[in-house]
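Chemist: I would like to see how this sequence folds:
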Amino acid sequence: MFYITSNDGTKIAVYDYNPKGKQTVFLIHGWPLSHLIFEYQINLLTDCGYRVVAVDLRGFGRSDTPVCGYSYDQMAADIFQVVRQLCLKRFVLVGFSMGGSIALRYMNCFNGFEVSKLILLSAAAPCFARRPGFPYGKPVQEVNDLINLAETDRPQLCQNFSKQLFACPHPDAVVDWFRDIALSASGIGTIKCGIALRDEDGRNDFECVHVPTYIIHGAKDLIVSDELAEIQHECICGSKLITLADSGHGIVYDQLTKFNDVFMGSINA
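Modeler: Down below sits the predicted model:
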């Protein structure tokens, strides 16, 4: 792990596995987690000869926790700084949940700089919360309740979140692992990104995607609806939607073997 300084001085924790690999896969985690959620994809990718670059978004994991800068534009700029400073070329960009929204904003703000393929996993895009003209996603009050819980009882928020991730039965140890990753986030980052999830509107980001795109979604996702996955598919020209019938929002682990097969197939396609 090392740090790369973003354009506003924030230090972003970067993890560069197998830097001499044949192609780079760049992983962006979601709220309120860290790069650790990709443990079983990082192992697989590096075993297959890929270079894997992952980050902890600002306010999460080992990255700095500034009091501001949690807009999608700024977090996309953080990704751009990592890409530029590592001189990444023709990489696969992968975003999970809120990380999918940030990946789409990167495509918009930076013209998809050096991205050869986009993979969206349970992406909270284009809008996580409903708004005028967009009656999909979560009710605003429900997102406000999440923000309020982050402000008053973040351990309870993390426990509730980890229990909602999975549709398949898993040992308590797995649920506790995701809870502990969520607890490793800062309070500031959890609250500020909760606000971003409520307020950001990414509908204009879709038209900036001009690379092969794979959308992988769990049919039993309780956090990001099937409707959002369908909207992504309809609005991203030429995209492919793959639905895992028995997976919930925690798609990177719920049906681990099936997901990894689909994920590697998307990367290798």
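Chemist: dump the residue contacts of the residue lying closest to residue 197 once chain neighbours are set aside.
Modeler: Spatial nearest neighbour of residue 197, excluding adjacent residues (Cβ to Cβ, 6 or more residues apart in numbering): residue 128 at 4.3 Å. C-beta coordinates here come from the backbone N, C-alpha and C atoms, glycine included. Taking Cβ atoms under 8 Å, 6 or more residues apart in numbering, we find residue 128 in contact with 98, 101, 137-138, 143, 197-198, 200, 224.
Chemist: is it true that residue 233 lies in a strand?
Modeler: No: read with DSSP: H, G, I helix; E, B strand; the rest coil, residue 233 is helix and lies in no strand.
Chemist: which residue sits closest to it, ignoring its sequence neighbours?
Modeler: residue 241 (4.1 Å).
Chemist: quick one: the one you found from residue 188, how far?
Modeler: 35 Å (Cβ to Cβ, to the nearest Å).
Chemist: about what we covered before: the helix or strand hosting the residue nearest to residue 233 pairs with which strands?
Modeler: Assessed by DSSP states H and E, residue 241 sits inside strand 240-244. Here strand 240-244 is paired, per DSSP bridges, with strand 213-218 (parallel).
Chemist: quick one: average pLDDT of the partner strand?
Modeler: Strand 213-218 shows a mean pLDDT of 98.
Chemist: three-state assignment of residue 26?
Modeler: strand.
Chemist: show me what contacts it?
Modeler: Applying Cβ under 8 Å, 6+ apart, the residues near residue 26 are 52-54, 79, 82-83, 88, 91-94.
Chemist: same thing but at 7 Å, please
Modeler: Residues near residue 26 by Cβ atoms under 7 Å, 6 or more residues apart in numbering: 53, 88, 91-94.
Chemist: just residue 159 next, same as before
Modeler: By Cβ under 7 Å, 6+ apart, the neighbours of residue 159 are residue 179.
Chemist: Return the set of buried residues in the strand holding residue 241.
Modeler: 241-244 (16 or more other Cβ atoms under 10 Å).
Chemist: which of the contacts of residue 26 are buried?
Modeler: The neighbour count (16+ other Cβ under 10 Å) marks 53, 88, 91-94 as buried among those.
Chemist: For these, could you give me a markdown table that also reports distance to residue 13, secondary structure and pLDDT?
Modeler: Output for those, formatted as a markdown table (distance: Cβ to Cβ, whole Å; DSSP: H, G, I helix; E, B strand; the rest coil; pLDDT from 0 to 100):
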| residue | distance to residue 13 | secondary structure | pLDDT |
| --- | --- | --- | --- |
| 53 | 12 | strand | 98 |
| 88 | 17 | coil | 98 |
| 91 | 18 | strand | 98 |
| 92 | 20 | strand | 98 |
| 93 | 18 | strand | 98 |
| 94 | 17 | strand | 98 |
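Chemist: Mind putting the contacts of residue 26 into JSON lines with distance to residue 105?
Modeler: Shown next, in JSON lines, are these (distance: Cβ to Cβ, whole Å):
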{"residue": "53", "distance to residue 105": "18"}
{"residue": "88", "distance to residue 105": "17"}
{"residue": "91", "distance to residue 105": "17"}
{"residue": "92", "distance to residue 105": "17"}
{"residue": "93", "distance to residue 105": "11"}
{"residue": "94", "distance to residue 105": "15"}
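Chemist: any idea which of those residues is closest to residue 63?
Modeler: Using Cβ to Cβ, residue 53 comes nearest to residue 63 of the contacts of residue 26, at 14.1 Å.
Chemist: Just to check, the closest one is in contact with residue 28?
Modeler: No: with contact defined as Cβ atoms under 7 Å, residue 53 does not reach residue 28; the gap is 9.9 Å.
Chemist: Look up which helix or strand the nearest residue in space to residue 110 that is not next to it in sequence falls in, please.
Modeler: Excluding the flanking residues, the one nearest residue 110 by Cβ to Cβ, 6+ apart is residue 80, at 5.1 Å. With secondary structure defined by DSSP H and E, residue 80 is part of helix 72-85.
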